[in-house]
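Novice: structure of the sequence below:
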Amino acid sequence: MSSEPHSVTTPESATRVRSATGAHGATTPGTTTAPRPALRSLLFVPGLRTDWLPKARAAGADAAVLDLEDAVPAPDKPLARARVAEALAEAAGEPAGGMALFVRVNPLDDWAAAGELRAVVRPGLAGVVLPKVRTAADVRLADRLIGWCEHEHGLPAGSTALVPLLESARALHDAYDIAAAAPRVAHVGALTAPGGDVERAVGYRWSPQGTETLALRSRVLLDVRAAGAPGPVTGLWTDIADLTGLRAFAEQNRALGYEGMMAVHPTHVPVINEVFAPTPDELDRCARLVAAVEAAQRDGIGALTFEGRMVDEAMAETARAVLARHGHG
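Specialist: So this is what the prediction gives:
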């Protein structure tokens, strides 16, 4: 039983909470959740270098993650925060549908970090990337703080996505609880870059083939899917010049069921986007499969042979989901 205080919930707000939470745990009463677009590529950009955002857009990144944590030396964090806030203000005045902006804040270890959230949760922000998450309690705290910031700036409740980074053995072990801790959680997955926090925490020896982390990435993905958190992404590939290795790693992650990857360099974005988007031929096949199954159903046939394979309503539903996700539904 949680010791955190509970708020009084009216029947109307209770309905909103239940519809927002789904498979997730309870959150701030009245919270609703905006639809989260699928993101193929999330490109990190140092918070001090918001002037690099045009390069991220030119590369085709679905989202940029303005980094206030590891990419910014401690003395420069106030300046980086100001530049990020300015970039968000500019983004708020641009037409919808462009590159989404996320901000990786510093861990919520003190009031200074909470103040950082207050500075960046404003119009123009798509989501917060929260590092060093330990347990679901960290997510619930961030969820409440973000909710208060949304209220302060007149944003719709739940409009800001929250991306917890699983960078410790405890967090990876508790991936389901973390992903289910708040309805705003999205785009969470296992990041297994060489030499980083996860390698140190787990103790694996990284290889380009990724065999040592395959089981880890698979289990975390299953946890995230079971929790109902949308758009799981993974990463990272840190070898800037090795685009062949990047493609192989991205294809492995796509085959597992991830929907995108985080990236550290603009040259990686086109490769990631290509891997995580269906080809025109794949979309055409989905459309033809749906048409064939629906035609058979009208004739009272539940299963049929389609291009040499047995298909039925389950395969048609998967194809419909692909078409809907990529704007062809």
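Novice: how many neighbours does residue 301 have?
Specialist: Using other C-beta atoms under 10 Å, the number of residues around residue 301 comes to 11. C-beta coordinates here come from the backbone N, C-alpha and C atoms, glycine included.
Novice: please apply the same query to residue 204.
Specialist: Neighbour tally, residue 204, other C-beta under 10 Å: 16.
Novice: secondary structure element holding the spatially closest residue to it that is not a sequence neighbour?
Specialist: Leaving aside its chain neighbours, residue 204 sits nearest to residue 212 (4.3 Å; criterion: C-beta to C-beta, 6 or more residues apart in numbering). Here residue 212 is covered by no helix or strand, with elements defined by DSSP states H and E.
Novice: was I right about residue 212 contacting residue 199?
Specialist: No: the pair residue 212 and residue 199 fails to qualify as a contact (C-beta atoms under 8 Å) at a distance of 9.3 Å.
Novice: overlap in contacts, those two.
Specialist: Taking C-beta atoms under 8 Å, 6 or more residues apart in numbering as the contact rule, residue 212 and residue 199 both touch 205-206.
Novice: helix, strand, or coil at residue 101?
Specialist: strand (DSSP: H, G, I helix; E, B strand; the rest coil).
Novice: confidence score at it?
Specialist: pLDDT recorded at residue 101 is 98.
Novice: so how far is residue 39 from it?
Specialist: 12 Å (C-beta to C-beta, to the nearest Å).
Novice: for those two, list the residues in contact with both.
Specialist: residue 63.
Novice: how many other residues sit next to the residue nearest to residue 204?
Specialist: So residue 212, with other C-beta under 10 Å, has 15 neighbours.
Novice: for it, give me its contacts.
Specialist: By C-beta under 8 Å, 6+ apart, the contact list for residue 212 reads 204-206.
Novice: contacts only, for the residue nearest the centre of the chain.
Specialist: By C-alpha atoms, centre = their mean, the chain has its centre lying nearest to residue 187, at 1.5 Å. Residue 187 sits next to 36, 39, 42, 127, 161, 163, 229-233, 260 when contact means C-beta under 8 Å, 6+ apart.
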